[in-house]
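Student: Sharing a model prediction with you, sequence too.
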Amino acid sequence: ACIGQSSWGPTGFALADSRETAEALVRLARGRLPSGLGLDYTVCAGRNQGAEVLVEAAQRRRRVTH
């Protein structure tokens with residue numbers, strides 16, 4: 001579905017619609033890039049939920065710093 005590179009360094013990524021597609025992309029990339037480049041490939045899933053804000057912990061930190 002898309003590819004990109006992180007702004008923090010040499011991390012690339014690709015999004016796929018299924019684990020099978022992602023694994024096929026990894027096989028394709030490994031087949032096209034010469035060995036010995038030090039590349040690692042990881043297939044993982046998104047967290048698929050929003051962030052959690054813990055207000056209580058933030059209030060505790062505020063008391064400690066004052």
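Tutor: Looks like it came in fine.
Student: Can you tell me the SS state at residue 14?
Tutor: Classification of residue 14 using DSSP: H, G, I helix; E, B strand; the rest coil returns strand.
Student: Next up, the contacts around it.
Tutor: Contact analysis of residue 14 by CB atoms under 8 Å, 6 or more residues apart in numbering lists 1-4, 22, 25. Every residue, glycine included, has its C-beta placed from N, CA and C.
Student: Nearest to residue 43, out of those residues: which one, please.
Tutor: Closest approach to residue 43 among those (CB to CB): residue 22, at 4.6 Å.
Student: Would you check how far apart the residue nearest to that closest one when sequence neighbours are not counted and residue 4 are?
Tutor: Nearest non-adjacent residue to residue 22, counting by CB to CB, 6 or more residues apart in numbering: residue 16, 4.1 Å away. Residue 16 is 13 Å from residue 4, where distance means CB to CB, to the nearest Å.
Student: if you count what's nearby, which of these two comes out ahead?
Tutor: residue 16 (15 against 10; other CB atoms under 10 Å).
Student: Against residue 38, how distant is the more buried one?
Tutor: Residue 16 is 23 Å from residue 38, by CB to CB.
Student: mind listing the strands for this protein?
Tutor: Using DSSP state E, the strands of the chain run over 2-5, 12-15.
Student: Now tell me which of those strands the model trusts least on average.
Tutor: Ranked by mean pLDDT, the strands of the chain end with strand 2-5 in last place, scoring a mean of 77.
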